[in-house]
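Q: Next comes the sequence, and after it the predicted model I'd like to discuss.
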Amino acid sequence: MNSFVWSLVGGRVLVAVFTLLVVSFTVFCATAILPGDVAEVLLGQAATPEAVAGLRAAMHLNDPALLRFVRWLAGLASGDLGKSYANNMQVAQLIGPRLLNSLKLAGITTLFSVPIALALGIAAAILRGSVFDRALTFLTIAVISVPEFMVATTAVLLFAVHLKWLPALSFAREATSFWDLLRIYAMPVITLAFVISAQMIRMTRAAMIETLDTPYVEMARLKGASPTRIVLRHALPNALGPIVNAVALSLSYLLGGVIIVETIFNYPGIAKLMVDAVSTRDLPLIQSCAMIFCLVYLLLITVADVIAILSNPRLRR
Amino acid sequence: MGNLVEIRDLKVGATTDAGRRVDIIKGVSFDIAPGEIVALIGESGSGKTTIALTLMGYARMGCAIQGGSVRVGGRDMTQLSEKERAAVRGTEVAYVPQSAAAAFNPAMRIIDQVVEVSRIHGLMPDAQARARAVELFRALSLPNPDTIGDRYPHQVSGGQLQRLSAAMALIGDPKLVIFDEPTTALDVTTQIEVLRAFKAVMKERRIAGVYVSHDLAVVAQIADRIVVLRGGEVQEIGATADILSAPAHPYTRELLAAFRPSVDAQAAPAPAAVAQPVLELRDVVAGYGALKSDGAPTITIVKAVSLSLEAGRNLGVIGESGCGKSTLARAIAGILPPSSGDILFEGKSLPRAAKDRTREQLRQIQIVFQSADTALNPAKSIAEILGRPLAFYHGLKGREAQARIDRLLDMVRLPRALQERRPPELSGGQKQRVNLARALAADPRIILCDEITSALDTVVAAAIIDLLKELQRELGLCYVFISHDLPTVQAICDEIAVMYAGEKIEQMPRSRVGARDHHAYTKLLFASVPKLDPQWLDSLERNPELVAALARR
């Protein structure tokens, strides 16, 4: 480990912070140019000109946009996400439990799908050209092509309606036993795993095939190494960079991209909260959700990049 | 004492992606006695590496051993299970790869990869294996033998890596070591050290070897016997001295003849008294990266090189990898604009960057790149590839262009029927001819040839050199011929410039090659070119300090 590596890692983190700033500005602008006046919408029927003007002043809506942006950013930095327009609660309080639910779903899906996806990808690379490899390639492409609402709806039809094995809706707080928990999470987790695994399997396979074709893997074979040793000691460490990146990209989907799954299973997660916020024009809530999605995304990508940098001995001079 | 290796009627076949079956090795038989080094020699595609790998019971992707037997120490490798073969690999038969730089895992320390052989086969405790590795590093005269293993592969030079890979092969105490073109990727000055180290270790430990190479002179130094291969069949087997002095088979004679391209007997016409140089370089500086405050690039590759090329004569630029010779060609062509200095064509200054040159100026200087594989667009037919410069420089279309393409193919001795094919369907030599024809299409005065024969087999390369000479006679071209190979440069060039670390250190007419008053590096470089004489390596005297200072190993 030396200063060169740290400067690379530091550079990556700086880029992430800068990106976050740009995104926050974009999010603010996007919500600011939404048509309609917030004060009017909030007051609804009681929107007399005086009341609207008063509310606008109270909400600092007459200040220049830049000032409002800076004030909002300062609030974010100090942990104050603002107040919800819809029910006047603290946004942080609204988001807290929902974020926890989403993280729970994401975590379970990760634990379930990443090992399976990596194992399948590696196996396909080793058995390249075999029936197993071709079947897997066919299946992953099929899964990528089928939209997730299709998978989710089919799963509900099959397991909840016809077979009656699993509940159609997923309220996590109703779980009383581990078995219940399993039943509740089964369908959303399987649906999400379908969506994110396909990409991971394909990327892992491609990265592994590339390293399995290198002269140093052939050399390992000619040293008498066993297939396990060849894969774990020689091929995998060198394929780690692209694999970690593919995993990070897939996982980032689990927080922002699960709207459809959360809606279909009526799962109380953060994506569903955001959808609801859009229908009530709850700007602080929308902004905060968007920022959280972006933060998680950047976090995953940055961690993947840092792992790729650290796993490359050429950078550790 | 019986033979260590007995190969009988070996057949190896491959299945192409299209499902077609191709015979690669068509019934090869030969023996290797214990402690004997046998060379497999032939051009690329002759099956020499494939045969060598069957000694480990291994066939590359898509290939399979289809018949015959490969007995190593009494056991037939073709009959063993994959697990039994793995047990033999590294312990009885070991492998030294062509490119050690690619054959070392970039993510592991060297020592871990060397002792891995012992770990895999459970040969000895780790500490003992490490001690043995260090001992081998010392025997292979590697610098800092105690600590060199702690480095990663990218931290040591190519010549060192090649010796480290030999240590990796020897640590399991094999009876037979396969050397797969182990010095082909090295510079000549480095090659000598590696060859000497290999030879000393093999003789001292009485290990048998199979040395795969296309270079007869290298093989002459190390092998006891030579097997000449072509198209998967043995052409001739004999003791090294016999093969070199009295080759029986016509193909062996052809190989020997091609080894040293004939130097044109007739002297080049003496330059006219006041010959105007066609091309002149004055203090050309080129490199990469942003320009510093003094106008020089961050990394300077070519340092103030001045050259001149007279009409009808050829200039050879010779030097080892990294000396800046290819960068010089790119600077002349304007692909990499020089940061300072002048390039004059027929006495007139050329703009430094290609994009600032007129079409006419561009037409006069054409460049032919080293690798025709990457220089030709694999998706275009030969006719399209040649038609492009015809349209660009001469505005030729339709029937006129077609006539010219036919003539160009005649010029480079390719059948006209080839023009409908695409580059991947051609052989290496044919591709290089197309590459040359594309440069000729512009009708240039000067062709910059950047290592154009380096990737070719000796016989094919000799044919390309002959072609270049013929074209010169017919078209009055001048070549700037860039190469690391002295015999090739000698064969075609009237003037030879030697480059070292970005500078031109010497320029001489061909007749003065081998004179006594050369620069120290020039002497070292010229002396390092292997000769067919089997005694050459042993009798070669080198000043180790000078070598260490000049050959950047």
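A: Good, I have the coordinates.

Q: And for residue B:409, the neighbour number?
A: 21 (other C-beta atoms under 10 Å in any protein chain shown). Quick note: C-beta positions are derived from backbone N, CA and C, even for glycine.

Q: didn't residue B:191 look like it was pressed against residue B:528?
A: Yes: look at residue B:191 against residue B:528 with C-beta atoms under 8 Å: they come within range, at 7.2 Å.

Q: Of those two, which one has the most company?
A: Ranked by neighbour count (other C-beta under 10 Å), residue B:191 and residue B:528 place residue B:191 first, with 24 against 20.

Q: For that one, which non-adjacent residue is spatially closest?
A: residue B:183 (4.4 Å; C-beta to C-beta, 6 or more residues apart in numbering or on different chains).

Q: For residue A:307, pull up the helix or strand it's in.
A: helix A:283-310 (DSSP states H and E).

Q: how does chain B divide up, domain by domain?
A: B:5-259, B:277-380+B:428-531 (automatic domain parsing).

Q: residues from the stretch 151-300 of chain A in reach of chain B?
A: With the criterion set to C-beta under 8 Å from any C-beta of the partner chain, the stretch 151-300 of chain A comes near chain B through A:213-216, A:218-226, A:229, A:233-234, A:237-238.

Q: For the residue in the stretch 151-300 of chain B that chain A sits nearest to, give me its contacts.
A: Closest to chain A within the stretch 151-300 of chain B is residue B:152: 4.7 Å, counting by C-beta to the nearest C-beta. For residue B:152, the contact set (C-beta atoms under 8 Å, 6 or more residues apart in numbering or on different chains) comprises A:313, A:314, A:316, B:106, B:107, B:108, B:109, B:110.

Q: Give me the phi and psi for it.
A: With angles defined as degrees, to the nearest 10, residue B:152 sits at phi -90, psi 160.

Q: And it, how far from residue B:112?
A: Here residue B:152 is placed at a distance of 10 Å from residue B:112 (C-beta to C-beta, to the nearest Å).

Q: cool, and residue B:83?
A: 24 Å.

Q: What is the end-to-end distance of stretch B:475-485?
A: 25 Å (C-alpha to C-alpha, to the nearest Å).

Q: just to revisit the earlier point, more crowded one of residue B:83 and residue B:112?
A: The neighbour count for residue B:83 versus residue B:112, taken as other C-beta under 10 Å, is higher for residue B:112 (16 against 9).

Q: is it true that residue B:448 touches residue B:334?
A: No: counting by C-beta under 8 Å, residue B:448 stays clear of residue B:334, with 10.9 Å between them.

Q: Low-confidence stretches in chain B?
A: B:1, B:259-275, B:548-553 (pLDDT under 70).

Q: all helices of chain A, in order?
A: A:3-32, A:38-43, A:49-58, A:65-77, A:91-126, A:131-145, A:148-155, A:178-212, A:215-222, A:227-229, A:236-256, A:259-264, A:270-279, A:283-310 (DSSP state H).

Q: Closest residue of the stretch 451-553 of chain B to chain A?
A: residue B:455 (17.7 Å).

Q: That residue and residue B:181, how far apart?
A: Taken as C-beta to C-beta, the span from residue B:455 to residue B:181 is 13 Å.
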